[in-house]
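1. test case, fold it:
(one chain, ligands or ions: 1)
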Amino acid sequence: MRVAIIGGGVAGAGLAYFLGRLGAEVTLIDAGEATASHVPAALLNPVRGQAGQVDARALAGLRCTWALLGALDAAGHRVPHARSGVLRPVPDDRTRSRFERHLPAELPHRWLAPGNAPAPLAPGWAHVLWLPDGGWVDGQAFTDALIAASGARVRRERALAWTPHEVRTETATLHADAVAFCGGSVGASWASEAGAEAPRTHRMGTLLRLDRAVSDLPLSFGAYLSPAARGGVLGGTFETPAPTWRPPQFPLASLDWLLDKGEALAGLRGTRITGHWTGSRLSGLRAEQDARGVWHLSGLSSKGFLLGPLLASGLAREMTGQASSAVPSRRG
Ligand SMILES: Cc1cc2nc3c(=O)[nH]c(=O)nc-3n(C[C@H](O)[C@H](O)[C@H](O)COP(=O)(O)OP(=O)(O)OC[C@H]3O[C@@H](n4cnc5c(N)ncnc54)[C@H](O)[C@@H]3O)c2cc1C
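-> Predicted coordinates:
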């Protein structure tokens, strides 16, 4: 089976990897522009946002991503990451109750007093949720390793138009048994400009690169502090949602807000900012075949590394007609 995948972020790279394992011959067409998956340190955090929501697929997603990192490591691909656990400090009893309402018993977790947390926190937190199966991963290294391990043929150019069996790029027309669109925020915006996709919600955010990791364990509430391949990061996707992707701009308006969040998490204690990275993520999950017959894996929102590989694995099975996995891969 010949498959053409448009987009080489964690969605397209994951799909290429699993399709390759199922024996498909994959061509990956990636413009290499505004790739959200190149986030310097992405959290694997199953308990989301300030409401503590837990996606029904979170535990399976964690297992899938860690297993994939293990397989890549065994195959000699170096991907900086740590299955260190994640700490979610919460400010008061009400927030803790809200988190508790969403926490499934099967998701390993423990509530700790802030003084007993395995990483130092700034004063003022009421409770800390410890998620031992969480951690962080270097987004670009992970995505690059997936592409390398997939065996896919890679074309570094933009796909201009596509049907279920054909992709027209800047330089060629490619024929395939199946076509999958994994274009992320920038790709959905280009496609909606061309009338090929309905408008979606895009949200930008920035990671400040730090000269050292303030905490050995990722900390998250509002923003996140995490170790990274070099030093650490402070960031998140906090800009106002927008109807289209926009070129990355350093969000000076939010800089004070972000630094305040970092101080509130752990105190930045003289940490130096060494750079920044800005990206845009897309909401509105699509993991399905559309009415025309084109496959989609996009709209992974802020869960690209938690759910992307799991959904890619389910979709690859569906596309190749393999026995369906336990993984729900339809819109959800
Ligand atoms: C600041 C920030 C922090 C984040 N933190 C986390 C986190 O902690 N944990 C987590 O799980 N997720 C996090 N995310 C979200 C995560 O990065 C995304 O969910 C994920 O990377 C989306 O992957 P994707 O493959 O769908 O899209 P992308 O990674 O954006 O990849 C899409 C690729 O397709 C290419 N493309 C698009 N259209 C075309 C076309 N027509 N032709 C050719 N190529 C095309 C693009 O150039 C790009 O390379 C964060 C995002 C941001 C911005």
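
2. least trustworthy helix or strand in the protein by mean pLDDT?
-> helix 252-266 (a mean of 90; mean pLDDT, DSSP states H and E).

3. next, the buried residues of it.
-> Along helix 252-266, these residues count as buried under the neighbour rule (16 or more other Cβ atoms under 10 Å): Ser254, Leu258, Lys261, Gly262, Ala264, Leu265, Ala266. C-beta coordinates here come from the backbone N, C-alpha and C atoms, glycine included.

4. wait, doesn't the second one sit right on Leu207?
-> This points to Leu258. No: with contact defined as Cβ atoms under 8 Å, Leu258 and Leu207 do not form a contacting pair (9.3 Å).

5. sorry, back to before: and the contacts of the least confident helix or strand of the chain?
-> Helix 252-266 is contacted from outside by 89, 119-122, 124, 206, 208, 214-215, 219-225, 234-236, 238-239, 268, using Cβ atoms under 8 Å, 6 or more residues apart in numbering.

6. the ligand next: which of those residues are close?
-> Filtering the contacts of helix 252-266 for proximity to the ligand by Cβ under 6 Å from any ligand atom leaves Gly235, Gly236.

7. in strands only, show me the contacts of helix 252-266.
-> If you go by DSSP state E, the contacts of helix 252-266 have Pro89, Thr206, Leu208, Leu219, Ser220, Phe221, Ala223, Tyr224, Leu225, Leu234, Gly235, Gly236 in strands.

8. give me the outermost residue of this structure relative to its centroid.
-> Gly115 (30.9 Å; Cα atoms, centre = their mean).

9. on the three-state scheme, that residue is what?
-> Under the three-state scheme (DSSP: H, G, I helix; E, B strand; the rest coil), Gly115 adopts helix.

10. before we move on, what about Ala148?
-> Put simply, Ala148 is helix when judged by three-state DSSP.

11. count the neighbours of it for me.
-> When neighbours are defined as other Cβ atoms under 10 Å, Ala148 has 16 of them.

12. about what we covered before: quick one: buried ones out of the contacts of helix 252-266?
-> 89, 119, 121-122, 206, 208, 214-215, 219-225, 234-236, 238-239, 268.

13. mind listing the helices for the stretch 51-200 of the chain?
-> Taking DSSP state H, counting those that start in this stretch as the test, the helices found in the stretch 51-200 of the chain are 58-74, 93-102, 139-150, 184-193.

14. now those in TSV, with mean pLDDT?
-> As requested, the helices of the stretch 51-200 of the chain are exported to TSV (pLDDT from 0 to 100):
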stretch	mean pLDDT
helix 58-74	98
helix 93-102	97
helix 139-150	98
helix 184-193	94
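
15. closest one to the ligand among those?
-> Closest of the helices of the stretch 51-200 of the chain to the ligand is helix 184-193, at 2.3 Å (criterion: Cβ to the nearest ligand atom).
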